[in-house]
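[1] Provided below are the primary sequence and the corresponding predicted coordinates.
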Amino acid sequence: MKKTGVAVIGYGGMGGWHTRHLLESDVAELRGIYDIKESRNRLAEENGIHAYGSLDELLADKSVEIVTIAIPNDQHKPVAIRAMEAGKHVICEKPVTLSSADLQEIFDAAERCDRLFTTHQNRRWDCDYLMMKEAYASGKLGQVFGIESRYQGSRGIPGDWRGHKKFGGGMMLDWGVHLIDQMLGIVYDKKVESLYCKFDHITNDEVDDGFKLDLYFEGGLTARIEVGTSHFMSLPRFFMTGMSGTAMINDWKDNCRLICCDQWEEKDVTPVVTSAGLTKTMAPRDAKTTTESFIERPESDVHDFYRNFCAAVKGEADMIVTHAQLMRVMKIMEASFVSDELGAPIKIDDYIA
Ligand code: NAD
């Protein structure tokens, strides 16, 4: 099978990731990279990767069918549109743009140029997310009314363009984009009705260095998404509560643990003794009334992202990451900024078409 030619724009952290994955790919072939910094181009050549002399030279290479864009967020739009106008299909790093209006301009350009455009939502292949998706869809917890998704680090914002608003910095755009996309993938059967968001500015005044976002889905399900960069201990990565069970993934590497109640008639409770007295209400259920089970980490191969896009370019598959999904996430991020500014919940109808 002939492999699809791909060139990468931007040879920084994520550009390096793409080139490494493309060198191992069974469907795509790395043609080269282009970075505006000469030192990065030289480094690529030292690593045995062809560096184009200019963006025009890269775009003129007829053996390149797909261009992957891995440059700071504020520059995605002009480069993506230019690449599609040059006849290339485009994979753009997340977050595609800083606003839904800019995102729409990219979609319009894709349609005008008859090119495919998608975004590297690679955290759809994360095992913790896939296990939570299964926990929700399995129905084992009964009606789910709460989901919590968190990433909590302690190193602040990376000291690069991510600390500056004009480049599209901040944790909402950096990590929120993944966690919102995942949450909408887990709760596949309900619409978000409203949201409330509060940003942190613990180490950085200019952009958020963390946030707490509550999404209120129809039917009474609340999902909390939380990112922190000044946490020296972390709450569980995922927590899901339903009418008859709870699921939890403690850390990136753990399996998903489920505790479900299957003996509702059993009334025996061993009270918990606290300094203030006894409590039965808050006493944990024992093994007589509950069953513990696990969802094992599934097989997951992030190469499926390029496999899917290369197949879509050949007309053999639909894109996994669709424009409608990207727009929903963008509009939720936009509404989060408004909510933080107003200090108020936002109804989503105005934001989600
Ligand atoms: P980085 O700063 O490490 O690298 C960016 C590179 O782009 C630099 O080498 C810079 O010289 C180059 N560059 C800047 N403007 C350019 C232009 N106009 N043309 C060509 N090269 C240009 O940043 P990064 O961490 O690699 O992030 C790049 C993108 O990847 C961002 O959009 C970021 O959000 C995304 N990213 C995604 C993931 C993921 O898991 N999907 C992880 C990290 C970063």
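    Alright, I've got the coordinates.

[2] In terms of helices and strands, where is residue 241?
    Secondary structure here is read from DSSP states H and E; on that basis residue 241 sits in strand 238-242.

[3] From the contact counts, what lies against that strand?
    Contacting strand 238-242 under the criterion 3 or more C-beta pairs under 8 Å, 6 or more residues apart in numbering; DSSP states H and E are the following elements: helix 127-138, strand 144-152, strand 245-249. Just so you know, the C-beta spots here come from the backbone N, C-alpha and C atoms, and that holds for glycine as well.

[4] The shortest one pairs with which strands?
    Meaning strand 245-249. Partners of strand 245-249 in the sheet, by DSSP bridges, are strand 238-242 (antiparallel), strand 256-261 (antiparallel).

[5] Looking at this structure, which helix is longest?
    Looking across the chain with DSSP state H, the single longest helix is helix 323-342.

[6] Pass me the low-pLDDT residue ranges in this structure, would you?
    In the predicted model, the chain carries pLDDT under 70 at residues 350-353.

[7] Spatially central residue in it, please.
    In the chain, the residue lying closest to the centroid (C-alpha atoms, centre = their mean) is residue 178, at 1.4 Å.

[8] since we're on the residue lying closest to it once chain neighbours are set aside, how many residues are nearby?
    Spatially, and ignoring its direct neighbours in sequence, residue 178 is nearest to residue 123 (4.2 Å; C-beta to C-beta, 6 or more residues apart in numbering). With neighbours defined by other C-beta atoms under 10 Å, the count for residue 123 comes to 17.

[9] Are we agreed that residue 123 is in a helix?
    Yes - secondary structure of residue 123 (DSSP: H, G, I helix; E, B strand; the rest coil): part of a helix.

[10] these two touch, right, it and residue 182?
    Yes - with contact taken as C-beta atoms under 8 Å, residue 123 and residue 182 are classed as touching, separated by 6.2 Å.

[11] show me where this protein has helices.
    With DSSP H applied, the chain shows helices at 13-24, 38-46, 55-60, 76-85, 100-113, 127-138, 171, 177-186, 304-313, 323-342, listed in chain order.

[12] In a markdown table: the ones you listed, plus distance to residue 31.
    Rendered in a markdown table, the data for the helices of the chain read as follows (distance: least, C-beta to C-beta, whole Å):
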| stretch | distance to residue 31 |
| --- | --- |
| helix 13-24 | 9 |
| helix 38-46 | 12 |
| helix 55-60 | 8 |
| helix 76-85 | 13 |
| helix 100-113 | 20 |
| helix 127-138 | 31 |
| helix 171 | 34 |
| helix 177-186 | 28 |
| helix 304-313 | 14 |
| helix 323-342 | 26 |
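
[13] These: which one's closest to residue 91?
    Between residue 91 and the helices of the chain, the tightest spacing by C-beta to C-beta is seen for helix 304-313, at 6.0 Å.

[14] Nearest to the ligand: which residue in the stretch 1-150 of the chain?
    The nearest approach of the stretch 1-150 of the chain to the ligand comes at residue 12, 1.8 Å away (C-beta to the nearest ligand atom).

[15] make that the stretch 151-300 of the chain, sorry
    Scanning the stretch 151-300 of the chain for proximity to the ligand using C-beta to the nearest ligand atom identifies residue 160 as nearest, at 5.2 Å.

[16] That residue and residue 153, how far apart?
    With distances taken as C-beta to C-beta, to the nearest Å, residue 160 is found 15 Å from residue 153.

[17] Of these two, which one has the most company?
    Neighbours around residue 160 and residue 153, counted as other C-beta under 10 Å, are more numerous at residue 153. The numbers are 17 against 12.

[18] State the number of residues packed around the residue nearest to that one when sequence neighbours are not counted.
    What sits nearest to residue 153 in space, not counting adjacent residues and going by C-beta to C-beta, 6+ apart, is residue 229, at 5.2 Å. The local packing of residue 229 (other C-beta under 10 Å) involves 22 other residues.

[19] Could you do residue 318 as well?
    The tally of other residues near residue 318 (other C-beta under 10 Å) stands at 9.

[20] Please name the residues that touch the residue nearest to it when sequence neighbours are not counted.
    Spatially, and ignoring its direct neighbours in sequence, residue 318 is nearest to residue 312 (6.5 Å; C-beta to C-beta, 6+ apart). With contacts defined as C-beta atoms under 8 Å, 6 or more residues apart in numbering, residue 312 is in contact with 116, 118, 318, 319.

[21] Same check on residue 289?
    Contacts were defined as C-beta under 8 Å, 6+ apart; by that measure residue 289 touches 261, 262, 263, 264, 266.

[22] can you list the residues of the stretch 101-250 of the chain near the ligand?
    Proximity of the stretch 101-250 of the chain to the ligand is confined to 120, 122, 160, 161, 174 under the rule C-beta under 6 Å from any ligand atom.

[23] Give me the buried entries from these.
    Of all those considered here, the ones buried according to neighbour count by 16 or more other C-beta atoms under 10 Å are 120, 122, 161, 174.
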